[in-house]
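1. Build me a structure from this.
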Amino acid sequence: MTSLRRRPALAAATLLLALAVPTGAGAGQASAASVATWDKVAECESSGNWSIVSSGTPRYYGGLQFSASTWLNYGGGQYAPYANQATKQQQILIAEKVLAAQGQNAWPVCGPKAALGADRANPYPDDPGPVTPPQPQVKALTWYLSDSAGSSVATRAPFGFGNTPMVPLAGDFDGDGTDTQAAYDPTTSTFYLANSGSTAQSTIVFGNPGNRPVLGRWDGGTSQLGVYMPDTGKFYLRHANGEVTSFAFGNGGDWRPVAGDWDGNGTVTVGLYDPATSTFYLRNSNTAGSADQTITFGNPNSIPVTGDWDRTGHTNVGVYMPDNHTFYLRHDDGTVTATPYGDAGDTPITGDWNGDGYTTQGIVQAR
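-> Numbers count the residues shown, from 1 in each chain. Prediction:
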């Protein structure tokens, strides 16, 4: 792959600020280009690799090197979560929208080099344009929680909270020591927090579409909000006083944020899990830097979970393996317990449901 010195091809949106998407081209501004010209841009940006993900941070995706936020803000989510997962034609169709709004300097080096601004050809003249795919069916989320770490069945009555595409979460939002349910809608950047029952007591917009949510007691006391931006590799943590701190950690991309008291000192800090290598990267302070602990645990594409399985004040790691619907929890003494729980397609969740200091498991079903 050609080494390119360039500023980010398509700038990511700023936290809490939605990217404006103009609906038409400016005067004299190119709003279309032929496939051959887009091939030249891709050759410059990515050596013509339409499925590539750039290394380092921030990360860029696909042949035309979209940031994650630009891809979503210009409608790429109708095709795939990231540009590299879409077809070449789909990437070009979204790039046409960016070109119409921003001109060739959206690709500040490769656009002018390919004479993108001088080409006004329709890349797909016989194509009727993108067909809006059918919207996925919205499914209710049902929670099945267990008070016992070794139980393979729910010990509490199931209840409903949230719906797809929300991400299930858990935290202590009223300071009573008991974790309760929450959900994050990645399409609207909205957290829904409940202290009890099936109705959210608090609704908070935080982050940008496509961010990954994380909750933690950053200040002690109650659980607070956070997001990880996969296109920049940055955490943004919201504190009890309303202030927001940000710092870079990890490689972004598909890495999943986690939180816990990794060293048992009473402070909850962030971590990341790389599902491709089954590796946890844990940080002992909420600041930029390298991992203080690195733990390889699980299999590729396992889902990370964390908790105080031993009631020692120290957070341990674990994984949920979707293939066999089993929790694997790593304990303070290095032993691992395995507990089958749930069915295909379920989402794992862990929390201190009793307020007794023990973290136990649960699953959330979308049906």
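
2. ranges for the helices of the chain?
-> Secondary structure of the chain (DSSP state H): helices at 35-46, 68-73, 88-102, 110-113.

3. With respect to burial, which of the ones you listed scores highest?
-> helix 68-73 (a mean of 27; mean count of other CB atoms under 10 Å). All C-beta spots, glycine's among them, are computed from the backbone N, C-alpha and C.

4. tell me what that helix is packed against?
-> Of the remaining helices and strands, none touches helix 68-73 by 3 or more CB pairs under 8 Å, 6 or more residues apart in numbering; DSSP states H and E.

5. from here on, count from 374
-> All right, first residue 374 from here; so that's helix 441-446.

6. Please, where are all the strands along the stretch 524-673 of the chain?
-> All strands of the stretch 524-673 of the chain, identified by DSSP state E, counting those that start in this stretch, fall at 532-536, 540-544, 553-558, 563-566, 575-578, 585-589, 597-602, 607-611, 617-621, 629-633, 642-647, 652-655, 666-669.

7. Who are the packing partners of the last one?
-> Spelled out, it's strand 666-669. Using 3+ CB pairs under 8 Å, 6+ apart: strand 666-669 touches strand 652-655.

8. The strand it packs on pairs with which strands, parallel or anti?
-> strand 642-647 (antiparallel), strand 666-669 (antiparallel) (DSSP bridges).

9. ok now that strand, how far from the chain's centre?
-> Distance of strand 652-655 from the chain centroid (CA atoms, centre = their mean, to the nearest Å) equals 16 Å.

10. Next, name the residue at the spatial heart of the chain.
-> residue 585 (3.0 Å; CA atoms, centre = their mean).

11. wait, doesn't it sit right on residue 601?
-> Yes. If you go by CB atoms under 8 Å, residue 585 and residue 601 touch, sitting 4.6 Å apart.

12. between the two, what contacts are shared?
-> 629, 630 (CB atoms under 8 Å, 6 or more residues apart in numbering).

13. Please tabulate the strands of the stretch 524-673 of the chain in a markdown table, including the columns mean pLDDT and distance to residue 434.
-> Output for the strands of the stretch 524-673 of the chain, formatted as a markdown table (pLDDT from 0 to 100; distance: least, CB to CB, whole Å):
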| stretch | mean pLDDT | distance to residue 434 |
| --- | --- | --- |
| strand 532-536 | 95 | 28 |
| strand 540-544 | 97 | 21 |
| strand 553-558 | 96 | 22 |
| strand 563-566 | 96 | 24 |
| strand 575-578 | 96 | 25 |
| strand 585-589 | 97 | 15 |
| strand 597-602 | 97 | 14 |
| strand 607-611 | 97 | 17 |
| strand 617-621 | 97 | 19 |
| strand 629-633 | 98 | 17 |
| strand 642-647 | 97 | 17 |
| strand 652-655 | 98 | 21 |
| strand 666-669 | 97 | 26 |
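
14. Which of those sits closest to residue 449?
-> For residue 449, the closest of these is strand 597-602, at 16.4 Å, according to CB to CB.

15. Work out the gap between the lowest-mean-pLDDT helix or strand in the chain and the centre of the chain.
-> Confidence across the helices and strands of the chain bottoms out at helix 441-446, with a mean of 88, counting by mean pLDDT, DSSP states H and E. On the basis of CA atoms, centre = their mean, helix 441-446 sits 13 Å off its chain's mean C-alpha point.

16. Pipe the strands paired with strand 652-655 into TSV and attach distance to residue 719 and mean neighbour count per row.
-> Shown next, in TSV, are these (distance: least, CB to CB, whole Å; neighbours: other CB atoms under 10 Å):
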stretch	distance to residue 719	mean neighbour count
strand 642-647	18	25
strand 666-669	24	12
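
17. Dump those strands into a markdown table; add distance to residue 723 as well.
-> Formatted as a markdown table, the strands paired with strand 652-655 follow (distance: least, CB to CB, whole Å):
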| stretch | distance to residue 723 |
| --- | --- |
| strand 642-647 | 14 |
| strand 666-669 | 17 |
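
18. related to what we said a few turns ago, nearest to residue 678, of the strands of the stretch 524-673 of the chain?
-> Closest approach to residue 678 among these (CB to CB): strand 629-633, 8.1 Å.

19. relative to strand 585-589, how tilted is that closest one?
-> 0 degrees (axes from the mean of the first three to the mean of the last three CA atoms, to 10 degrees).

20. buried residues in strand 629-633?
-> 629, 630, 631, 632, 633 (16 or more other CB atoms under 10 Å).

21. related to what we said a few turns ago, between the strands of the stretch 524-673 of the chain, which one is closest to residue 713.
-> strand 540-544 (19.3 Å).

22. and that closest one, what does it pack onto?
-> By 3+ CB pairs under 8 Å, 6+ apart, strand 540-544 packs against strand 553-558, strand 585-589, strand 720-724.

23. Quick check: which of the ones you listed is nearest to residue 701?
-> Nearest of those (CB to CB): strand 720-724, 10.7 Å.

24. which stretches of the stretch 374-523 of the chain aren't confidently modelled?
-> Residue ranges of the stretch 374-523 of the chain with pLDDT under 70: 374-404, 499-508.
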